[in-house]
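In: sequence unknown, structure follows:
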């Protein structure tokens, strides 16, 4: 369990994250949703250990995060940033191999190939990272962070993803969420910041709705992602078409201008 | 599968390093042979063999003297200083995640020079300092290099991220300040100190003797090995400091190791041979362009290639205007500056 209690983080006395408590279970995908400036990234960084938290505490599998060395923390959780920029001409394979760093020299022979095949990046292995497209870069980064925690361990691991689908086309977005769905079974708990409400609604097990640094709602998708809640969070009219056995949940934000034809003619 | 891939890659890298090492050997032998007093390669090998107890060929005592007491120490010095500057350039470029960084740009060299000048001019006033003997000057230069590097790093970093334009600006500012302070110190220097300073500032590898080489070996090879051991961490840092932390790198510790080692290497180099520019900039580039960005190869390769280039530069310096000598810094700048300009023009292409 990744547990955070009463996290409070201020910049110049302005609360960025305000009394947030989160728990992330292995085998589940938890999605953080919220408007820009809601404190999603800050909460994310506190959970990953990137920002030390003055008030409140974060614990991985029951041990407080302050007691972890960077190396031990890297064995328990992997983090994928939103953008990664490389200043030197590394090959895609070399980037993915960086995920082996925390494990020392005792890695499985075919680990990297397995992960890269799973993320559809094996064919890119000899290409320079800088020459890849945005979506390919993100998949290579995903392969890198997956390599870090892929192999089963006696303890649950966690994967934190900051907008993992931001520069991908529709098919790739679903592909990435399918991969995430698969890796949950490896005793991995996944936390992702997403902007796409439909992806969140249809793939997440739990949803956290964040606004102005406060967690207003959290829980199962069908309980939390209601039109009322979402409208309150995003301050915009939203319709939710709840799915059934064989149709997905569809969430639609309502355009300000209802009649497109009218504006085109005008 | 992957391990065989990695294994094959390591094997290729070792082969490249072996070739660079052999190239260095060839350059050294040629360099030992050529000069104002020509010694045929045959005799050069003879003298070298004789020193390790394998006397196979004849040579005159004069050849042996010139070789062992004049030419060899300066060439070993060129290897240590060139290699040190090369590996420092590679390490700092990796640390700052910027291919345009070099020891001179971020103030290591000027800080080292300032403290070296202070030591030369005011050192005689403090008898305590003479206690350190020959090691005092390099140590003092190291402190100067460390102060400037840390200042530049502090000035250009906020919340653990280094802003590159701030870094360049801070480097320019500190270089200017150090230059002004060097001028100020010289202004207060007496004649004897001024003479010492002039010799030092003109001092290139030509002033090398075995004592100095010993000091250089102690203070450069240790940190160079320490830097080389950080290759995995530097690879991780290329993606970013936060990302490296997420991968399990103790980023702050790595930063301290690299800055401390760089200051020690460049401080020593500056104090013994004056400021030699551009080696630290172009050498890591050449290695990356030819063989890729893996720091396992870039660090060790930069040492070997830097050693090669400075040995060649020294050879040119003492043969172009024979029997006189040209300062080696002029040679490296004449080769290095146009390369730097080319780099600025092409930096976009290299980055993509």
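Out: In hand now; what should we look at? Computed from a predicted structure; not experimentally measured.

In: dump the residue contacts of the nearest residue to residue B:231 once chain neighbours are set aside.
Out: By the measure of CB to CB, 6 or more residues apart in numbering or on different chains, the closest residue to residue B:231 outside its immediate chain neighbours is residue B:295, 4.0 Å from it. Using the backbone N, CA and C atoms, a C-beta is placed for each residue, glycine as well. Residue B:295 makes contacts with B:90, B:94, B:230-232, B:234-235, B:238, as judged by CB atoms under 8 Å, 6 or more residues apart in numbering or on different chains.

In: Quick one: name the residues of chain A near chain B.
Out: With the criterion set to CB under 8 Å from any CB of the partner chain, chain A comes near chain B through A:48-50, A:69-75, A:77-79, A:81, A:84-91, A:93-95, A:97-99, A:101-102, A:107, A:109-113, A:130-131, A:145, A:148.

In: Okay, and which of those residues map to helices?
Out: Residues from the residues of chain A next to chain B lying in helices, with DSSP state H as the criterion: A:48, A:70-75, A:93-95, A:97, A:111-113, A:145, A:148.

In: ok, and the closest non-adjacent residue to residue A:93?
Out: residue A:125 (3.9 Å).

In: can you check residue A:212 too?
Out: By the measure of CB to CB, 6+ apart, the closest residue to residue A:212 outside its immediate chain neighbours is residue A:38, 6.4 Å from it.

In: Please tell me how far the one you found sits from chain B.
Out: With the distance defined as CB to the nearest CB, to the nearest Å, residue A:38 ends up 20 Å from chain B.

In: So that residue is in contact with residue A:210, correct?
Out: Yes - proximity of residue A:38 to residue A:210 meets the contact threshold set by CB atoms under 8 Å, at 4.5 Å.

In: and residue B:30, what element?
Out: Residue B:30 belongs to helix B:2-33 when elements are defined using DSSP states H and E.

In: If you count contacts, what does that helix end up packed against?
Out: Secondary-structure packing of helix B:2-33 (3 or more CB pairs under 8 Å, 6 or more residues apart in numbering or on different chains; DSSP states H and E): helix A:92-97, helix A:111-118, helix B:41-51, helix B:72-96, helix B:295-319.

In: closest to residue B:275 out of those?
Out: With respect to residue B:275, and counting by CB to CB, the nearest of the helices and strands packed on helix B:2-33 is helix B:72-96 at 10.0 Å.

In: Buried residues in the closest one, which are they?
Out: Neighbour-count burial for helix B:72-96, counted by 16 or more other CB atoms under 10 Å in any protein chain shown, picks out B:72-96.

In: what do you get for stretch B:227-244?
Out: In stretch B:227-244, counting by 16+ other CB under 10 Å, buried: B:227-228, B:230-244.

In: what does stretch A:175-184 give?
Out: Buried residues in stretch A:175-184, counted by 16+ other CB under 10 Å: A:175-177, A:179-180, A:183-184.

In: Just checking the distance from it to the centre of its chain.
Out: A distance of 11 Å separates the centroid of the chain from that of stretch A:175-184, by CA atoms, centre = their mean, to the nearest Å.

In: Now do it, average pLDDT.
Out: When pLDDT is averaged over stretch A:175-184, the result is 91.

In: Residues contacting that stretch, please?
Out: By CB under 8 Å, 6+ apart, the list of residues contacting stretch A:175-184 from outside reads A:26-29, A:118-120, A:138-139, A:142, A:146, A:150, A:159, A:161, A:164-165, A:168, A:190, A:192, A:199, A:203.

In: Let's see that with 7 Å instead.
Out: Stretch A:175-184 has contacts (CB atoms under 7 Å, 6 or more residues apart in numbering or on different chains) with A:27-29, A:118-119, A:142, A:146, A:164-165, A:168, A:190, A:199, A:203.

In: So which of the residues you listed sit within strands?
Out: Per DSSP state E, strands hold the following members of the contacts of stretch A:175-184: A:29, A:190.

In: Could you tell me which residues make contact with whichever residue of chain A sits closest to chain B?
Out: Scanning chain A for proximity to chain B using CB to the nearest CB identifies residue A:74 as nearest, at 2.9 Å. Remark: with contacts taken as CB under 7 Å, 6+ apart, residue A:74 is in contact with A:102, A:148, B:246-248.

In: And those, which two are furthest apart?
Out: A:102 and B:246 (9.3 Å).

In: more neighbours, those two?
Out: Taking neighbours as other CB atoms under 10 Å in any protein chain shown, residue A:102 and residue B:246 compare with residue B:246 leading, 27 against 22.

In: Let me know the pLDDT of the more buried one.
Out: Residue B:246 is assigned 93 on the pLDDT scale.

In: same thing with the one 4 residues further on?
Out: Each residue has a pLDDT score; the one for residue B:250 is 90.

In: Next, give phi and psi for it.
Out: Note on residue B:250: its backbone torsions stand at phi -80, psi 90 [degrees, to the nearest 10].

In: So which residues make contact with stretch B:226-239?
Out: The set of residues external to stretch B:226-239 that reach it, using CB under 7 Å, 6+ apart, is A:84, A:86-88, A:90, A:98, A:101, B:87, B:91, B:94-95, B:97, B:244, B:247, B:249, B:254, B:257-258, B:261, B:294-296, B:299-300.

In: got it, and stretch A:192-208?
Out: When contacts are taken as CB under 7 Å, 6+ apart, the neighbours of stretch A:192-208 outside the stretch itself are A:22, A:28-33, A:40, A:44, A:161-165, A:173, A:177, A:181, A:215, A:218-221, A:224-225, A:230, A:248-251.
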